[in-house]
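[1] can't give you the sequence, but here's the structure:
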């Protein structure tokens, strides 16, 4: 696959916007061309549309972090509100009504860490008996 020049990318994006503008007159929810600019599109490794039980704490934290820095977060949130989305991960949260947020991962001092030589490690909360 060949890389497109900057002007070719802009021309392609302009074509998407023009097509979306035409489609918005036919679609009650309006244009969704903003989705092409979302940070989630490049991260197909994350479970954006997974069943609620299949989303672990690290995946949830990764998706939440990507959404926070997304340039189209407000467009995404407006789309979700207008369309009544009730499944998948949109605008920083899982929209499934049966979804229970997993315990968030955190950081603790690593074994053997001292005040002079601090070390931290990630902690993944585990379910089940304590």
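    Great, that's in hand. Everything numeric here is computed off the predicted structure, so don't read it as measured data.

[2] only C-alpha atoms for contact and neighbour calcs from this point on.
    Fine.

[3] could you pull up the mean pLDDT of stretch 7-21?
    What stretch 7-21 shows for mean pLDDT is 67.

[4] which parts of this structure are strands?
    Using DSSP state E, the strands found in the chain span residues 89-90, 93-94, 106-109, 120-123.

[5] where are the low-confidence patches of the chain?
    1-6, 13, 16-31, 102-115, 117-118, 120-130 (pLDDT under 70).

[6] what do you get if the cut-off is 90, keeping everything else the same?
    Applying pLDDT under 90 to the chain flags residues 1-38, 41-44, 49-62, 64, 72, 74-89, 92-130.

[7] in this structure residue 87 contacts residue 93, no?
    No. The criterion here is Cα atoms under 8 Å, and residue 87 misses it with residue 93 at 10.1 Å.

[8] so how far is residue 82 from residue 48?
    Distance of residue 48 to residue 82, computed by Cα to Cα, to the nearest Å: 20 Å.

[9] who has more neighbours, the two?
    residue 48 (20 against 12; other Cα atoms under 10 Å).
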